[in-house]
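Asks: fold the following.
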Amino acid sequence: MTQETSSRPSSDAELEELVASSDSGSRKPLGMPGKLLVGVAAAWSLFQLWIASPLPFILGFGAVNATQARSIHLAFALFLAYTAYPALKRSPRDRIPLQDWVMALAAAACASYIFLFYAELSTRPGAPILQDVIVGVVGILLLLEATRRALGPPLMIVASIFIIYSLAGPYMPGILAHRGVSLYGLINHQWLTTQGVFGIALGVSTSFVFLFVLFGALLDKAGAGNYFIKVAFSLLGHYKGGPAKAAVVASGMTGLISGSSIANVVTTGTFTIPMMKRVGFSAEKAGAVEVASSVNGQIMPPVMGAAAFLMVEFIGISYVEVIKHAFLPALISYIALIYIVHLEALKANMQGLPTSNPYKPWLHKVVGFLAGLLLLMGLSFAVYYGLGWLKPLLGEATVWLVGVVLVVVYVVLIRLGAGYPELELDDPNSPVVKLPQTRPTVMVGLHYILPVIVLVWCLMVERLSPGLSAFWATVFMIFILLTQRPIIALFRGRSRIAEDVKEGFVDLWNGLVTGARNMIGIGIATATAGIIVGAVSQTGVGLVLADVVEILSMGNLLLILLFTAVLSLILGMGLPTTANYIVVSALLAPVIVQLGEQSGLLVPLIAVHLFVFYFGIMADVTPPVGLASFAAAAVSGGDPIRTGFQAFYYSLRTAALPFLFIFNTDLLLIDVTFLQGILVFVVATIAMLIFAAATQGFMIARNRWYESILLLLVAFTLFRPGFWMDRIDPPYETLPGSQFEEVLGQAEAGADLKLRMRIEDDFGDPLETFMLVSVPEGEDGEARLANLGLEVFVEEDRTIVDMVEFGSQADDLNFDFDQEILAVQTPVDRMAKEWMWILALGVFALVIMLQRRRRDRQAATASS
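Replies: Have a look, this model is predicted:
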């Protein structure tokens, strides 16, 4: 990008083209081809709603199994990829060339092959015929070309390398060599089974992701995007650096609507970036704030990025568990970003925007917010426990009652909102912008929150699957789209019901089309990433890479985490977040867990996957290819590279969090009580704010170099107090393995013993690792060993595993015959690690005192 083009903001048309080229395809053909393209997109959305609903089972027709659904899903995605994305930059945008029609139909036919010939294929598993191979070869080639069009060359190149590696195994050098895969074997594995293209990733895209993306598109078409932005500005716009704080909150709420970092940047940034520049932010800093907040929308529950749904399948836990573990780090990250913005405003002595109600005391706002929060919590408890009593009483009728109550609440909220003026889109570049009043702005769109409540209710309370939860939330969203205009018109005394109903159907149609077009890239990415996962499972290259990584990291867990983070950032320069997550988690997540065990740190799998997820998202920020940074620079008129580096600087808090929750899983709310969770949240938030102050070089006054170091030490101690306490007072007493039975008998039931083991790796070589054993019930050590499902014998001070009962706790922990227990580490009574917080807070108080004295001296000097 030249200086001339980067020095001015892009026009609305250019921004729309930027989002379309990366998210939904920039081709908009005229006439009948355009109508066909739109119709196919809407048909895809209707198909996804159909298979997610209970209607196929109620009506007895139209039901498809999971594999057939994946086949149809990919057929739609490939057809739309060839018709919506031009082949080259110079390709026409207003028409679809003949060759693209041919490739679109051929790609859709190859993708739907499993659906069309499902019965025949089931009779010859693992034995493809020539027809199968021809279809598979053509399908893979067309999938790779669709990937290049929709997502750029990098993912296509990576997938092609793995295909070549599968076929050319015997010719590979050194440890990379393998016995090779035949063409028939490759096509069978990659195209005709659920191990490759039609694997778990595409299954998640089919079952979960599409419905969440469609839900967001419908919510946006209803007007929720503008509502969230206006609410954020009415609440925060008048504070120091207020537009930037509002941008953070608005982008977090818009994350409910859009899982795309780029679309989020452009949607909210068009309004927020000019406002930030007006109060004193440079073009690069304004763009960087928008990037840092928009990218984090993917980590904010309850509607997270597509990778979050993949975790459900890869780890084998419920989506509710993923939300629970991801919530605290995401919330802390957003709070810290608001504080970073506040520090920037303090450093530059910025002011907020003028408000239409400037004399309202801040105390009233706080009291009003707390009152609203308490009312919402009270209603939540009333509904939760009320339905708890209603369900046994009314049985199946409870659902109908809840539906009626929901509709009544919706109508009441519409009635309240109709009493206030409609929200209009302001021009952020106009000479004067007066912030909207908070109460009218909040009241006019409260009904937009109801579909989100339905989604959360279905997920958290009814414990429905993510797909079914998103389906019911989408159904309610469709009801709102069709009824909100007529009901508002009725309450406002207007007589244009027919026009309002028609506009509602137009909004619904546009939402169905937008949702499908936003899914093209995700559908293609998950299918192509399936090629990589399939190659890893077919060739065993994952084990080779694990050895290479272990050698490079010298068995050090911190080094391998750094290696994984760097690899995620490098791959993320060309791969979308979803594909990046699939590749890195498939290759490196097991290695991190294994190395953690070998070093004595037992890392939960969810922590490793969230680690990879976070750094996959960071790749949207990182120069030189951070697409979100380029989008923000296009809005702000700033330099995209400088915007990217500034956004990365603001995102250091997001980069630090994954390292912290790997070593302190309390941040993920793993094995903590409710009160402990609240304490962890408060302390971790304070720690992250201190970390932000240290990295920004400013707190009360500009930091001295030693103050920044002290603040970093304070933040680290608050995050991980056990690091220092373990050196002062070790948490375990180490005893020889021969005393395992004795220690097991003396320990409290439920306590955790850490065993240092000698086992064999996958190649039969000896390996030392750790296992965490929860002490079972039992009268003595012998009984507890039996309850554990384990038999051991001691031979010359060596304790050897003799037998493992199938399906027992020991079997689940991967105990095996002939393993040796080298040592037993038993927990000891010691001071709580949280005592280190007091020391850290004392150092923090010292830094505050030093900075206050310096600020007061500077103020006295300036006044004199």
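Asks: grab the longest helix from the protein for me.
Replies: helix 497-539 (DSSP state H).
Asks: not counting sequence-adjacent ones, nearest residue to residue 657?
Replies: Distances taken as C-beta to C-beta, 6 or more residues apart in numbering put residue 329 closest to residue 657, at 4.8 Å, once the chain neighbours are dropped. Quick note: C-beta positions are derived from backbone N, CA and C, even for glycine.
Asks: can you name the next helix or strand after the longest helix of the chain?
Replies: Proceeding N to C from helix 497-539, the next assigned helix or strand is helix 541-553, under DSSP states H and E.
Asks: next SSE after that next one?
Replies: helix 557-572.
Asks: tell me which residues of the helix or strand following that next one are tucked away?
Replies: Beyond helix 557-572 in the direction of the C-terminus, DSSP H and E gives the next helix or strand as helix 577-598. The neighbour-count check on helix 577-598 (16 or more other C-beta atoms under 10 Å) flags 577-589, 591-598 as buried.
Asks: ok now helix 577-598, how far from the chain's centre?
Replies: 16 Å (C-alpha atoms, centre = their mean, to the nearest Å).
Asks: that one to helix 557-572, inter-axis angle?
Replies: Put simply, helix 577-598 runs at 170 degrees to helix 557-572, going by axes from the mean of the first three to the mean of the last three C-alpha atoms, to 10 degrees.
Asks: and the lowest mean pLDDT element among the helices and strands of the protein?
Replies: In the chain, no helix or strand scores lower on mean pLDDT, DSSP states H and E than helix 3-6, which sits at a mean of 40.
Asks: from the chain's centre, how far out does the longest helix of the chain sit?
Replies: Offset of helix 497-539 from its chain centre (C-alpha atoms, centre = their mean): 17 Å.
Asks: angle of it against helix 541-553?
Replies: Using the same axes, to 10 degrees: helix 497-539 against helix 541-553 is 80 degrees.
Asks: now do the helices in the stretch 251-400 of the chain.
Replies: 261-278, 283-295, 306-311, 319-348, 362-394, 397-418 (DSSP state H, counting those that start in this stretch).
Asks: please enumerate the strands of this protein.
Replies: All strands of the chain, identified by DSSP state E, fall at 732-736, 752-760, 766-774, 790-795, 798-804, 820-827.
Asks: pull the residues that contact the first one.
Replies: I take that to be strand 732-736. 743, 754, 797, 823, 824, 825, 826, 827, 828 (C-beta atoms under 8 Å, 6 or more residues apart in numbering).
Asks: over to the fifth one?
Replies: The list of residues contacting strand 798-804 from outside it, by C-beta under 8 Å, 6+ apart, reads 737-738, 740, 789-794, 810-811, 815-821.
Asks: if we use 10 Å, what do you get?
Replies: 736-741, 755, 757-759, 788-795, 810-824 (C-beta atoms under 10 Å, 6 or more residues apart in numbering).
Asks: off-centre distance for that strand?
Replies: 43 Å.
Asks: which residue, neighbours along the chain excluded, lies closest to residue 186?
Replies: residue 166 (5.6 Å).
Asks: the one you found contacts residue 541, correct?
Replies: Yes: the pair residue 166 / residue 541 is scored as a contact, 8.7 Å apart, by C-beta atoms under 10 Å.
Asks: ok, the two, which is more surrounded?
Replies: residue 166 (25 against 21; other C-beta atoms under 10 Å).
Asks: what does the model give that one for pLDDT?
Replies: Residue 166 carries a pLDDT value of 91.
Asks: distance of it from residue 801?
Replies: Note on residue 166: its distance to residue 801, by C-beta to C-beta, to the nearest Å, is 37 Å.
Asks: repeat for residue 492
Replies: From residue 492 to residue 801 the distance is 76 Å (C-beta to C-beta).
Asks: over to residue 72?
Replies: Residue 72 sits at a distance of 49 Å from residue 801 (criterion: C-beta to C-beta).
Asks: what's the answer for residue 760, then?
Replies: Computed as C-beta to C-beta, the residue 760 to residue 801 distance reads 12 Å.
Asks: ok, the two, which is more surrounded?
Replies: Neighbours per residue, other C-beta under 10 Å: of residue 760 and residue 801, the larger number sits with residue 801, 19 against 12.
Asks: where does the more buried one land on pLDDT?
Replies: 87.
Asks: for the nearest residue to it once chain neighbours are set aside, what are its contacts?
Replies: Leaving aside its chain neighbours, residue 801 sits nearest to residue 819 (4.4 Å; criterion: C-beta to C-beta, 6+ apart). Neighbouring residues of residue 819 by C-beta under 10 Å, 6+ apart: 755, 757-760, 769, 771, 792, 799-802, 804.
Asks: residue 586 reaches residue 531, doesn't it?
Replies: No: if you go by C-beta under 10 Å, residue 586 and residue 531 don't touch, sitting 11.5 Å apart.
Asks: any stretches of the stretch 551-700 of the chain with poor pLDDT?
Replies: Scanning the stretch 551-700 of the chain with the threshold set as pLDDT under 70 gives 555, 572-574, 599-600, 623-626.
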